[in-house]
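A.B. asks: need a structure here:
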Amino acid sequence: MPFCTQCGHQAADADVFCANCGRRQPGPAAASRPPAGPPADPLAGLSPRAASIVCYIPTVGWIAAIIVLATRRFKSDKIVRFHAFQGLYLFAAWLMVQWVIRPAMLGMPTHFIRFDHILEGILLAVSIFMIIKTSHDEPYVLPIIGELAQRSAAEQ
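C.D. replies: Have a look, this model is predicted:
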């Protein structure tokens, strides 16, 4: 019967970890496992179209856009990178409405339709429009934001 290589506690032949200290034990159970290789790509099953679409999801698409831009899989795909940048810039426009225009509009009387609500509705409609366009593989460059995204996607 073997003993733990860390603490000396008695262990069974089939134990992968020591019951006392938790350290991995070399042995037949450890030898029967396949060798650890490089970690699997979590985005391996994600198509370029799906990666582009998730970048436009309102309020959370920026996370997907950053992940898409950071992965090696889409590093050379200019279309996916374009959509990721355009989604990020669309989110930045939404942040401007939330952090700059909304506080300025808080003093407005409540019987008026506030300008920040109109802008939020427009940005939501643009996000939905871009999800639809991207799902049909129709490239669409938004004014100002799209031009910035094209320049950013072209740089590597």
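A.B. asks: distance from the chain centre to stretch 79-93, please.
C.D. replies: Centroid separation between stretch 79-93 and its chain, computed with CA atoms, centre = their mean, to the nearest Å, is 12 Å.
A.B. asks: what residues of it count as buried?
C.D. replies: 79-91, 93 (16 or more other CB atoms under 10 Å). C-beta coordinates here come from the backbone N, C-alpha and C atoms, glycine included.
A.B. asks: what's the answer for stretch 6-21, then?
C.D. replies: Within stretch 6-21, the residues that qualify as buried are 11, 15, 18, counting by 16+ other CB under 10 Å.
A.B. asks: please apply the same query to stretch 93-111.
C.D. replies: Across stretch 93-111, burial judged by 16+ other CB under 10 Å covers 93-94, 97, 101-102.
A.B. asks: quote the end-to-end distance of it.
C.D. replies: One end of stretch 93-111 to the other measures 26 Å (CA to CA, to the nearest Å).
A.B. asks: give me the contacts around it.
C.D. replies: Contacts to stretch 93-111, defined as CB atoms under 8 Å, 6 or more residues apart in numbering, come from residues 58-59, 114-116, 119-120, 123, 145.
A.B. asks: let's see that with 7 Å instead.
C.D. replies: Residues from elsewhere that reach stretch 93-111, judged by CB atoms under 7 Å, 6 or more residues apart in numbering: 114-116, 119-120, 123, 145.
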